[in-house]
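Asks: Give me the fold of what follows.
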Amino acid sequence: MNRQTAREECDRSNIGADGASNDECVMFIDNSNIFIEGQKYYASAQCLNLRVPQDPRCRIDIGKLVKLALCGRNLEYGALYGSEPPALDTVWRKIRDRGLIVEVFKKNFKGKEKEVDQAMAVHALRYANKTRAHKRTVVIISGDRDYRPLVEAVLDDKPEWKVELVAWENSISTQLKAIKRANFEIITLESLLGEHVDSCCFVEARWRTKLHRIPKNRTIILSFKEPLISPQASIADKQQVNKLLKQYAEEITEITGIPCFYHLCNRGPDRGRLVYIIGYNWVKDKTGGSRIDFFRICMMEKLYQLNKKCSEICQLYKKISTMMKSDTTTDGIELGNRFTGLDVEEVEELSDEESLSQIYDDDDIEQENNDTESSSISEEDSDPEGFTEVKSSEARKSRRKYSTYCQYEFCCIKGQKCDYTHTEEQKVFFKANGGKGRRGYKSKPCQFFHNKGDCKHGRSKAMNCAYYHSEEEARCYVCKNSDLEYIGHASHDHEDQ
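Replies: Numbering: from 1, shown residues only. Have a look, this model is predicted:
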């Protein structure tokens with residue numbers, strides 16, 4: 001079905017006898033299913049002539065994609081299902097701001113995420129069984145064959161409901177295509193996007209040092225005669241430099257046929273004078289042959305063209321070199337030892353999805369301050385154009401990597417360094433106890449309080465004390481592990497019974 005036909009059919013199904021919209025939608029989105037295929041589609045739609053089948057810099061605006069899929073209808077309920085790692089909490093938070101519930105699951109040891117498919121199907125069926133609505137349109141954004149039982153169950157149990165499957169053409173399974181039901185429709189994302197591809201898909205070429213270190217084996221260095229930016233630069237100046245760096249990444253991508261990211265050196269004597277261009281070549285070429293040699297292409301095949309184009313873009317351009325042979329390796333080593341911050345790494349194999357993990361660019365997201373001290377410095381201050389300056393490595397240590405709350409709560413031995421999310425009360429407790437949690441939190445009485453009537457953490461209720469001052473604070477981990485009420489009595493109470 002072409003895009004215009006799909007939209008006309010959608011409009012007809014929404015209009016009641018009084019001419020008003022009477023159809024509400026529920027939407028379930030399998031993030032991973034649409035992500036990589038979207039990058040393949042974008043690379044072909046933009047005629048980039050890449051040596052690789054997809055552009056990992058492509059981002060998908062979920063909010064706009066949802067709007068297109070709704071076709072003017074109301075979103076009564078929406079949920080997006082993703083996996084961790086490697087997505088950041090800021091990514092999921094931005095999607096939640098679009099009105100979608102986000103369910104996040106960890107991958108297994110093979111990097112698979114079957115739990116995502118299972119949870120999405122279970123939640124969709126649970127919604128269908130609980131709601132008494134006479135009419136709903138269930139929009140499933142995924143083409144995975146695992147959703148066929150879901151589609152058939154909804155259509156069997158809710159004959160007045162309609163199910164729309166929205167997915168990239170190449171990702172739609174034959175099992176789903178085989179469903180022939182009057183209330184079931186398949187709409188390809190290619191037909192839905194049409195001329196909207198530039199608004200729903202865009203390129204973010206800045207390398208995320210907070211996600212991955214800069215790989216030595218696929219990074220070239222552009223050297224400049226003078227710093228491109230000063231530490232005291234205004235936001236306007238930063239925006240201009242960011243556009244310049246983006247232009248370099250785009251031009252080098254066009255010349256080499258390899259998607260390129262950029263990162264401006266922001267430490268050491270070469271601060272502002274070195275631009276790291278990272279080539280994405282972890283996938284095989286289109287012919288299925290060996291991995292692409294980014295260095296050989298840049299330093300041999302396309303060296304003349306690169307030097308010429310780089311000089312045309314900016315008169316301050318000096319030369320191109322590799323991180324392996326650059327005369328600035330001292331700075332590279334310093335940065336590598338400084339913190340995982342400019343973060344230079346040796347060769348490390350990453351899966352496609354780990355390298356292509358972000359659906360949203362998080363430049364304009366206000367970073368959470370996980371340190372309660374007012375003197376703490378956040379890792380990156382981001383302006384609207386995404387120019388960042390690394391100021392401190394301390395924030396990197398406290399940045400929450402996963403949006404899922406830590407199951408160990410106050411008992412988390414990693415404390416402030418835990419990758420999972422903790423509540424504000426837990427963070428305050430960690431800070432008061434050397435940055436770490438305490439095993440058996442509140443499972444034993446505080447001897448100082450009970451013997452002397454005093455404790456350095458307080459006389460009555462003391463959240464920062466690892467031991468309980470009253471039965472109200474006591475915790476029983478025998479009950480907690482059995483999913484029973486566990487606050488208000490202690491673990492040793494079971495021993496007395």
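
Asks: domain ranges for this structure?
Replies: With domains defined by automatic domain parsing, the chain comprises 3-202, 213-349.

Asks: and the longest helix along the chain, average pLDDT?
Replies: Ordering each helix of the chain by length in residues (DSSP state H) puts helix 235-256 first. Taken as a whole, helix 235-256 has a mean pLDDT of 92.

Asks: Mind checking the domains of the chain for the one nearest to M463?
Replies: With C-beta to C-beta, the closest approach to M463 among these belongs to domain 3-202: 23.7 Å. In short, each C-beta sits where N, CA and C put it, glycine included.

Asks: How far away from the center of its chain is the closest one?
Replies: Distance of domain 3-202 from its chain centroid, counting by C-alpha atoms, centre = their mean, to the nearest Å, is 18 Å.

Asks: now do stretch 301-308
Replies: 34 Å.

Asks: and if you look at stretch 441-457?
Replies: Relative to its chain's centre, stretch 441-457 lies at 43 Å (C-alpha atoms, centre = their mean).

Asks: Please identify the buried residues of that stretch?
Replies: Y441, K442, S443, P445, C446, F449, C455, H457 (16 or more other C-beta atoms under 10 Å).

Asks: Now do the end-to-end distance for it.
Replies: End-to-end distance for stretch 441-457: 14 Å, by C-alpha to C-alpha, to the nearest Å.

Asks: Give me the residues contacting that stretch.
Replies: Identification of contacts with stretch 441-457 by C-beta atoms under 8 Å, 6 or more residues apart in numbering yields 409-411, 429, 432, 459, 462-469, 473-477, 490-492.

Asks: If we use 6 Å, what do you get?
Replies: 410-411, 462, 464-469, 473-475, 490-491 (C-beta atoms under 6 Å, 6 or more residues apart in numbering).

Asks: need the residues you listed in CSV with neighbour count, can you?
Replies: Listed next are the contacts of stretch 441-457 as CSV, based on neighbours: other C-beta atoms under 10 Å:
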residue, neighbour count
F410, 23
C411, 21
A462, 20
N464, 16
C465, 22
A466, 20
Y467, 22
Y468, 23
H469, 21
E473, 20
A474, 21
R475, 21
A490, 23
S491, 19
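
Asks: L80: what's it in contact with?
Replies: L80 neighbours (C-beta under 6 Å, 6+ apart): I29, N31, I95, L100, V102.

Asks: Out of these, which comes closest to P149?
Replies: I29 (18.3 Å).

Asks: Kindly reformat the contacts of L80 as TSV containing pLDDT, neighbour count and distance to L306.
Replies: Output for these, formatted as TSV (pLDDT from 0 to 100; neighbours: other C-beta atoms under 10 Å; distance: C-beta to C-beta, whole Å):
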residue	pLDDT	neighbour count	distance to L306
I29	90	24	40
N31	83	25	36
I95	72	22	37
L100	80	20	42
V102	80	21	41
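
Asks: now, which of the residues you listed lie within helices?
Replies: Per DSSP H, the subset of these in helices is N31, I95.

Asks: Looking at the domains of the chain, spot the one closest to T421.
Replies: Of these, nearest to T421 by C-beta to C-beta is domain 3-202, at 6.4 Å.

Asks: re the thing from before, quick one, which of the domains of the chain gets closest to T404.
Replies: Among the domains of the chain, domain 3-202 sits nearest to T404 (C-beta to C-beta), with 5.7 Å.

Asks: low pLDDT regions in the stretch 351-497 of the chain?
Replies: Scanning the stretch 351-497 of the chain for pLDDT under 70 picks out the ranges 351-403, 459-460, 493-497.

Asks: and D30, what are its bridge partners?
Replies: On the basis of DSSP bridges, D30 is bridged to Y81.

Asks: per-residue confidence at it?
Replies: If you check D30, the pLDDT there is 88.

Asks: Pretty sure it sits against I140.
Replies: No - in this structure, D30 is not within contact of I140 by C-beta atoms under 6 Å, at 7.9 Å.

Asks: Need the residues touching each of the two.
Replies: With contacts taken as C-beta under 6 Å, 6+ apart, D30 and I140 have no neighbour in common.

Asks: give me every residue that touches F224.
Replies: R273, L316, Y317, K318.

Asks: quick one: which two of these are the most distant?
Replies: R273 and Y317, at 10.7 Å, using C-beta to C-beta across the contacts of F224.

Asks: higher neighbour count, those two?
Replies: Higher neighbour count among R273 and Y317: R273, with 22 against 19, using other C-beta atoms under 10 Å.

Asks: What segments of the stretch 1-150 of the chain are strands?
Replies: 24-30, 58-60, 74-84, 101-106, 137-141 (DSSP state E, counting those that start in this stretch).

Asks: one step back: of all the domains of the chain, which one is nearest Y420?
Replies: Evaluated over the domains of the chain, closeness to Y420 peaks at domain 3-202, with 9.2 Å, by C-beta to C-beta.

Asks: Touching, S491 and Y477? I think so.
Replies: Yes - at 5.2 Å, S491 and Y477 qualify as touching, with contact defined as C-beta under 6 Å.

Asks: now the buried residues of stretch 441-457 in JSON lines, with secondary structure and distance to Y280?
Replies: Shown next, in JSON lines, are these (DSSP: H, G, I helix; E, B strand; the rest coil; distance: C-beta to C-beta, whole Å):
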{"residue": "Y441", "secondary structure": "coil", "distance to Y280": "45"}
{"residue": "K442", "secondary structure": "coil", "distance to Y280": "49"}
{"residue": "S443", "secondary structure": "coil", "distance to Y280": "50"}
{"residue": "P445", "secondary structure": "strand", "distance to Y280": "57"}
{"residue": "C446", "secondary structure": "coil", "distance to Y280": "55"}
{"residue": "F449", "secondary structure": "helix", "distance to Y280": "58"}
{"residue": "C455", "secondary structure": "coil", "distance to Y280": "56"}
{"residue": "H457", "secondary structure": "coil", "distance to Y280": "51"}
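
Asks: What mean pLDDT does the helix or strand following the longest helix of the chain get?
Replies: Beyond helix 235-256 on the C-terminal side, the first helix or strand identified by DSSP states H and E is strand 260-264. For strand 260-264, mean pLDDT rounds to 93.

Asks: Between the strands of the stretch 1-150 of the chain, which one is closest to C418.
Replies: Of all the strands of the stretch 1-150 of the chain, strand 74-84 comes closest under C-beta to C-beta, at 13.5 Å.

Asks: how big is the angle separating that closest one from strand 24-30?
Replies: Here strand 74-84 runs at an angle of 10 degrees relative to strand 24-30 (axes from the mean of the first three to the mean of the last three C-alpha atoms, to 10 degrees).

Asks: where exactly do the helices run in the stretch 1-150 of the chain?
Replies: 3-14, 31-45, 62-70, 89-96, 114-130, 148-157 (DSSP state H, counting those that start in this stretch).

Asks: circling back: tell me which two in the contacts of stretch 441-457 are the farthest apart.
Replies: Farthest pair in the contacts of stretch 441-457 (C-beta to C-beta) is N464 and S491. Separation: 20.2 Å.
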